[in-house]
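Asker: My questions are about this predicted structure, shown below with the sequence.
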Amino acid sequence: MAATVAVENLNPKVLKCEYAVRGEIVIHAQRLQQQLLTQPGSLPFDEILYCNIGNPQSLGQQPVTFFREVLALCDHPYLLQREEIKSLFSADSISRAKQILALIPGKATGAYSHSQGIKGLRDAITAGITSRDGFPANADDIFLTDGASPGVHLMMQLLIRNENDGILVPIPQYPLYSASIALHGGALVPYYLNESTGWGLEISDVKKQLEDARSKGIDVRALVVINPGNPTGQVLAEENQYDIVKFCKNEGLVLLADEVYQENVYVDNKKFHSFKKIVRSLGYGEEDLPLVSYQSVSKGYYGECGKRGGYMEITGFSAPVREQIYKIASVNLCSNITGQILASLIMNPPKAGDESYASYKAEKDGIIASLTRRAKALEDAFNKLEGITCNEAEGAMYLFPQIVLPQKAIEAANAANKAPDAFYALRLLESTGIVVVPGSGFGQVPGTWHFRCTILPQEEKIPAIISRFKVFHEAFMAEYRD
Ligand SMILES: Cc1ncc(COP(=O)(O)O)c(CN[C@@H]2CONC2=O)c1O
């Protein structure tokens, strides 16, 4: 009997789900990459430059030595018995590996752990949170996850009962949120970030969207904030964060604080403040506001996307609700142990006086300084191009320039049945090999067009990217000038 599975009879929530970061432009880029291999010289460029995804190590960024030394020793504890490791590993990575293994039952890094993750590693993470915020954290509030993504899905699964349950999401947003809300059958309630004020969040706008959704019978459950922002790169002003917390408390909303870029701040006039710190600074306790804070090993200066580590810190939920969260986490048994160890390391890196501190700090500062330079170089280059305006990347890993396209280009896009920014991104790819993500994949004010470009290609490649981009853009605008 022929297979009865067809697109027509799949879960409609899956069909509704979109994830542009690895969408049509990237799929086309992969086809062109294959063509470069099989037919060298057949395209007007000799390599594909993936500026679509925040994946630093795929573009040459080196992992932090201390973290990798500890992971290697934890993964093969036999090494710790060999004298020769003292000539290969730093004394503090050896001692840290021994400390971590002692926290793992039976030192078995191949065993399932507690559903929330290894208790000793959660203790280390809470020590790091306490040191970062100046307010205590509790290991029982930590759920270690395979990157932040599963933690986001878990909360959407917990909160969304049906299509009348809404989640307030910033527009532009990282499409994990729109995809997860669609997969769980909820309603995305948009609130627009203000591009003219550097992607600021106006509480009055959020309130208007909330009231509008409620007037349509939507039960708005939570508010998502991404700080620093993806794709927009803004770092929220501390005052704005106080307003957001008070708003969520007054409106009875769960605050979902996506803070995976907390170590990616490039400007001196902004500083990362966790929403946990803001909530506690307002004197709010466990009874006042349900808050979920997300962290990941994928970003920062570590960029360990493939290790799939991260956590969500849940506070302000009742014991019966926490039991439900624990139950859902238990269905997946546990997150991977390497990711758990790495999550504890990024929250407790070498300190002054440790043998590895100087080399660790040099690596960390070097990466952040380079990201800062790359962000500025690309931002300045985009702002010199006709019809393009680009806000400063205060943080995160992206630039999100707005492009004003000639009417003829918009008509050509419509004729090709593509969004204008997708049409532009496809032409950019076919002319230069540069892969960006159209703004329509993140959401934008209707009638405006953007694209997202990462700041991640290695520094020596940035001038070539800029010059290739400039040549393409000038030719494109000339071709379609009204
Ligand atoms: C804001 C935000 N939250 C969560 C995640 C999920 O990360 P992990 O599951 O790896 O922890 C990402 C990944 N950033 C995507 C991936 O690369 N480019 C992006 O825009 C992100 O940008």
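Answerer: Yes, it's here.
Asker: before we move on, what SS does the closest residue to the ligand within the chain have?
Answerer: Residue of the chain nearest the ligand, by CB to the nearest ligand atom: residue 147 (2.7 Å). For the C-beta atoms, the positions are set from N, CA and C on the backbone; glycine is no exception. At residue 147 the chain is in coil, as set by DSSP: H, G, I helix; E, B strand; the rest coil.
Asker: Touching, it and residue 306? I think so.
Answerer: No: using CB atoms under 8 Å, residue 147 makes no contact with residue 306, being 9.5 Å away.
Asker: Name all residues that make contact with the residue lying closest to residue 127 once chain neighbours are set aside.
Answerer: Among residues not flanking residue 127 along the chain, residue 348 sits closest, at 6.4 Å (CB to CB, 6 or more residues apart in numbering). Applying CB atoms under 8 Å, 6 or more residues apart in numbering to residue 348 gives the contacts 124, 125, 127, 128.
Asker: Strands - which of these land there?
Answerer: If you go by DSSP state E, those have nothing in strands.
Asker: Of those, which belong to helices?
Answerer: 124, 125, 127, 128 (DSSP state H).
Asker: JSON lines for those, including neighbour count and distance to residue 407?
Answerer: Compiled in JSON lines, the ones in helices among the contacts of residue 348 are given as follows (neighbours: other CB atoms under 10 Å; distance: CB to CB, whole Å):
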{"residue": "124", "neighbour count": "23", "distance to residue 407": "57"}
{"residue": "125", "neighbour count": "26", "distance to residue 407": "53"}
{"residue": "127", "neighbour count": "16", "distance to residue 407": "58"}
{"residue": "128", "neighbour count": "19", "distance to residue 407": "53"}
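Asker: Redo those residues as TSV? Include pLDDT and distance to residue 445.
Answerer: Compiled in TSV, those are given as follows (pLDDT from 0 to 100; distance: CB to CB, whole Å):
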residue	pLDDT	distance to residue 445
124	98	43
125	98	38
127	98	43
128	98	38
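Asker: which one among these gets closest to residue 173?
Answerer: residue 125 (26.5 Å; CB to CB).
Asker: ok, now which ones touch the closest residue to that closest one other than its chain neighbours?
Answerer: Counting by CB to CB, 6+ apart, residue 347 is the residue found nearest to residue 125 once chain neighbours are left out, at 4.7 Å. Contact analysis of residue 347 by CB under 8 Å, 6+ apart lists 124, 125, 127, 128, 129, 132, 295.
Asker: so which pair among those residues is furthest apart in space?
Answerer: That would be 127 and 295, which, of the contacts of residue 347, are the farthest apart (CB to CB) at 13.9 Å.
Asker: hmm, which helix or strand of the chain has the shakiest average pLDDT?
Answerer: strand 49-50 (a mean of 92; mean pLDDT, DSSP states H and E).
Asker: Remind me what the helix or strand just after that one packs against, helices and strands.
Answerer: Using DSSP states H and E, the next helix or strand after strand 49-50 towards the C-terminus is helix 65-75. Secondary-structure packing of helix 65-75 (3 or more CB pairs under 8 Å, 6 or more residues apart in numbering; DSSP states H and E): helix 91-103, helix 337-346, helix 357-383.
Asker: buried residues in the last one?
Answerer: Okay, so that is helix 357-383. 357, 360, 363-364, 367-368, 370-372, 374-375, 377-379, 381-382 (16 or more other CB atoms under 10 Å).
Asker: Widest-spaced pair of those residues?
Answerer: Taking CB to CB as the measure, the buried residues of helix 357-383 span a maximum distance of 37.3 Å, between 357 and 382.
Asker: Tell me where this structure has strands.
Answerer: 49-50, 142-144, 165-171, 187-192, 219-226, 254-258, 291-296, 310-315, 388-389, 398-399, 402-403, 434-435, 437-438, 451-454.
Asker: what ranges do the helices span in the stretch 101-250 of the chain?
Answerer: 119-133, 149-159, 176-183, 203-215, 238-251 (DSSP state H, counting those that start in this stretch).
Asker: picking up where we left off before, compare neighbour counts for residue 147 and residue 306 and give me the winner.
Answerer: residue 147 (25 against 14; other CB atoms under 10 Å).
Asker: can you pull the pLDDT of that one?
Answerer: What the model reports as pLDDT for residue 147 is 98.
Asker: Same question for the one 4 residues further on.
Answerer: Confidence at residue 151, expressed as pLDDT, is 98.
Asker: residues touching it, list them.
Answerer: 143, 145, 292, 294, 310, 311, 312.
Asker: do that again at 10 Å, thanks
Answerer: Residues near residue 151 by CB atoms under 10 Å, 6 or more residues apart in numbering: 143-145, 256, 258, 292-296, 310-314, 329, 335.
Asker: out of those, which touch the ligand?
Answerer: Applying CB under 6 Å from any ligand atom to these, one finds that 258, 296, 310 fall near the ligand.
Asker: The last one against residue 344, yeah?
Answerer: Meaning residue 310. No: with contact defined as CB atoms under 10 Å, residue 310 does not count as touching residue 344 (11.3 Å).
Asker: any shared contact partners between the two?
Answerer: 144, 297.
Asker: what's the offset of stretch 362-378 from the middle of its chain?
Answerer: 18 Å (CA atoms, centre = their mean, to the nearest Å).
Asker: Could you give the average pLDDT over it?
Answerer: pLDDT averaged over stretch 362-378 gives 98.
Asker: Return the distance of residue 97 relative to residue 366.
Answerer: Going from residue 97 to residue 366 by CB to CB, to the nearest Å gives 24 Å.
Asker: Can you check which residues contact both of residue 147 and residue 306?
Answerer: Joint contacts of residue 147 and residue 306 (CB under 10 Å, 6+ apart) are 297, 298, 339.
Asker: close enough to count as contact, the first one and residue 125?
Answerer: No: Residue 297 lies out of contact with residue 125 (CB under 10 Å); the separation is 11.4 Å.
Asker: any residues in contact with both of the two?
Answerer: 311, 340, 343, 344, 345, 346, 347.
Asker: And those residues, which is closest to residue 36?
Answerer: Once CB to CB is applied, the member of these that ends up nearest residue 36 is residue 346, at 35.7 Å.
Asker: so what's the closest one scoring on pLDDT?
Answerer: Looking at residue 346, the pLDDT reads 98.
Asker: any idea of the mean pLDDT in stretch 293-301?
Answerer: Stretch 293-301 comes out at a mean pLDDT of 98.
Asker: what does the model give the residue nearest to the spatial centre of the chain for pLDDT?
Answerer: Geometric centre of the chain, nearest residue: residue 260, 5.6 Å, by CA atoms, centre = their mean. On the pLDDT scale, residue 260 is placed at 98.
Asker: And it, its phi and psi?
Answerer: phi -70, psi -20 (degrees, to the nearest 10).
Asker: ditto for the one 3 residues further on
Answerer: Backbone dihedrals for residue 263, given as degrees, to the nearest 10, come out at phi -100, psi 10.
Asker: Now residue 394: phi and psi?
Answerer: phi -70, psi -30.
Asker: What of residue 457?
Answerer: According to degrees, to the nearest 10, residue 457 has phi -50, psi 150.
Asker: Next: residue 455.
Answerer: phi -100, psi 30.
Asker: Show me which residues of the stretch 101-250 of the chain are close to the ligand?
Answerer: So far as CB under 6 Å from any ligand atom goes, the stretch 101-250 of the chain lies against the ligand at 147, 148, 149, 174, 176, 226, 230.
Asker: so what's the last one up against?
Answerer: Looking back up the chat, that one is residue 230. Here residue 230 is in contact with 21, 54, 170, 172-176, 258, 260-261, 264, 299, 395-398, 400, 442, 452 (criterion: CB under 10 Å, 6+ apart).
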